[in-house]
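1. sequence and predicted structure below; questions after.
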Amino acid sequence: MSEAPELSVIVPVYRSASTLRELVARLDRALAPERAELLFAVDASPDESLDLLRALRRERRGGAALRVLVAARNGGQH
């Protein structure tokens, strides 16, 4: 993405591996005409969420930019 995004969608991630692929696909469809970015904040999730997001980022062929932030430990809802 060469221009700055007009819209950022921030998604907290904790034990979400089973839903992430579908979520990314739906967000891509919903945001298709926009200059957008998807920002996933992985809160030390104990499942495969981080690995899946990294794989999805590598597989990108168009759509919104996908970025991943990783917390070293679980911060909880606060």
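-> That came through fine.

2. in the protein, mark out all the strands, start to finish.
-> Using DSSP state E, the strands found in the chain span residues 7-13, 36-42, 65-70.

3. give me the buried positions along the shortest one.
-> By neighbour count, with 16 or more other CB atoms under 10 Å as the criterion, the buried positions of strand 65-70 are 66, 68. For the C-beta atoms, the positions are set from N, CA and C on the backbone; glycine is no exception.

4. please apply the same query to stretch 11-30.
-> Of the residues in stretch 11-30, 13-14, 16-17, 20, 23-24, 27-28 count as buried by neighbour count, 16+ other CB under 10 Å.

5. what residue ranges in this protein score low on pLDDT?
-> 1-2, 72-78 (pLDDT under 70).

6. now do the longest helix along it against strand 7-13: the angle between them, please.
-> Secondary structure of the chain per DSSP state H: the longest helix is helix 17-30. Interaxial angle, helix 17-30 versus strand 7-13 (axes from the mean of the first three to the mean of the last three CA atoms, to 10 degrees): 170 degrees.
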